[in-house]
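Asks: just coords:
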């Protein structure tokens, strides 16, 4: 019996050590910080616009929304690129990610669309504050909805990294602009839904800071 206990203990310890939890935690913490840096200005402008009563608020909201669309176009892929490179500076290598997107534009469009579309239904879970005893339940929904999008984003990045650019100049740029044209309505719709979600969320304007599609997958 003592030997069985020792073997079981050692097996559990080896399994836990193999997970590299400290390294993953540090990677996640830096990923969180990098994402916040990208979202800080556009989301901050949207929050500011909500507190401006006159027409200037509309202009600020348009500016914040436009900036947010530009950020979201690259952010999911910058997160994957950072996780792969394990360098904080990788969060700002937009040109590198842009070149990868040019190799597989429609895969990037599909991954981005899936990320944003799957995030939309979860705004409904923020309408009412979840009772403390069942907070795990909506959090589970957030993880389940977010996981396929993260996997698809990683798949798109991997395919682009292994794929050589097309030798046909016209076809290459046509596909890039076509994918961008398809992405813009999705980005615009998501930003509009995000902006108006503050009026149904129990957390009000501060709910704009939560960004469950890119930060912590949680309704609170």
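Replies: Alright, I've got the coordinates. Worth saying up front: this structure is predicted, and the values here are computed from it rather than measured.

Asks: residue 106 against residue 177, yeah?
Replies: No - Residue 106 lies out of contact with residue 177 (C-beta atoms under 8 Å); the separation is 11.7 Å. The way it works is simple: take the backbone N, C-alpha and C, and place the C-beta from them, glycine included.

Asks: more neighbours: these two, which one.
Replies: Shown here are residue 106 and residue 177; by other C-beta atoms under 10 Å, residue 106 has more neighbours (14 against 11).

Asks: now do the buried residues in the helix or strand in which residue 65 is found.
Replies: Element membership of residue 65, judged by DSSP states H and E, is helix 56-85. Neighbour counts using 16 or more other C-beta atoms under 10 Å place 60-61, 63-65, 67-69, 71-83 of helix 56-85 among the buried residues.

Asks: same question for stretch 188-195.
Replies: Across stretch 188-195, burial judged by 16+ other C-beta under 10 Å covers 190, 191, 194, 195.

Asks: hey, where'd the strands end up in the chain?
Replies: In the chain, no strands are defined using DSSP state E.

Asks: for it, which element, helix or strand, carries the lowest mean pLDDT?
Replies: helix 2-18 (a mean of 65; mean pLDDT, DSSP states H and E).

Asks: could you single out the nearest of the buried residues of stretch 188-195 to residue 160?
Replies: Distance ranking of the buried residues of stretch 188-195 against residue 160, using C-beta to C-beta, places residue 190 first at 22.3 Å.

Asks: so for the closest residue to the closest one other than its chain neighbours, what pLDDT did the model give?
Replies: Leaving aside its sequence neighbours, residue 190 sits nearest to residue 116 (C-beta to C-beta, 6 or more residues apart in numbering; 4.2 Å). For residue 116, the pLDDT comes out at 92.

Asks: try residue 53
Replies: For residue 53, the predicted pLDDT is 74.

Asks: kindly report the same for the one 10 residues further on.
Replies: At residue 63 the predicted local distance difference test score is 94.

Asks: contacting residues for it?
Replies: By C-beta atoms under 8 Å, 6 or more residues apart in numbering, the residues touching residue 63 are residue 45.

Asks: how near is it to residue 36?
Replies: 19 Å (C-beta to C-beta, to the nearest Å).

Asks: in helices, which of the buried residues of stretch 188-195 appear?
Replies: Mapping the buried residues of stretch 188-195 onto helices (DSSP state H) picks out 190, 191, 194, 195.

Asks: okay, the residues you listed in JSON lines with pLDDT and distance to residue 203 next?
Replies: As requested, these are exported to JSON lines (pLDDT from 0 to 100; distance: C-beta to C-beta, whole Å):
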{"residue": "190", "pLDDT": "92", "distance to residue 203": "19"}
{"residue": "191", "pLDDT": "93", "distance to residue 203": "18"}
{"residue": "194", "pLDDT": "88", "distance to residue 203": "13"}
{"residue": "195", "pLDDT": "88", "distance to residue 203": "14"}
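
Asks: could you work out the most separated pair of those?
Replies: Every pair of those checked by C-beta to C-beta; the farthest is 190 and 195, at 9.7 Å.

Asks: and the helices in this protein?
Replies: Under DSSP H, the chain gives helices at 2-18, 21-50, 56-85, 94-103, 105-119, 136-162, 169-197.

Asks: closest to residue 215 out of these?
Replies: Using C-beta to C-beta, these put helix 21-50 closest to residue 215, at 5.8 Å.

Asks: and that closest one, what's its mean pLDDT?
Replies: Averaged across helix 21-50, the pLDDT comes to 89.

Asks: fine by me, we can end here.
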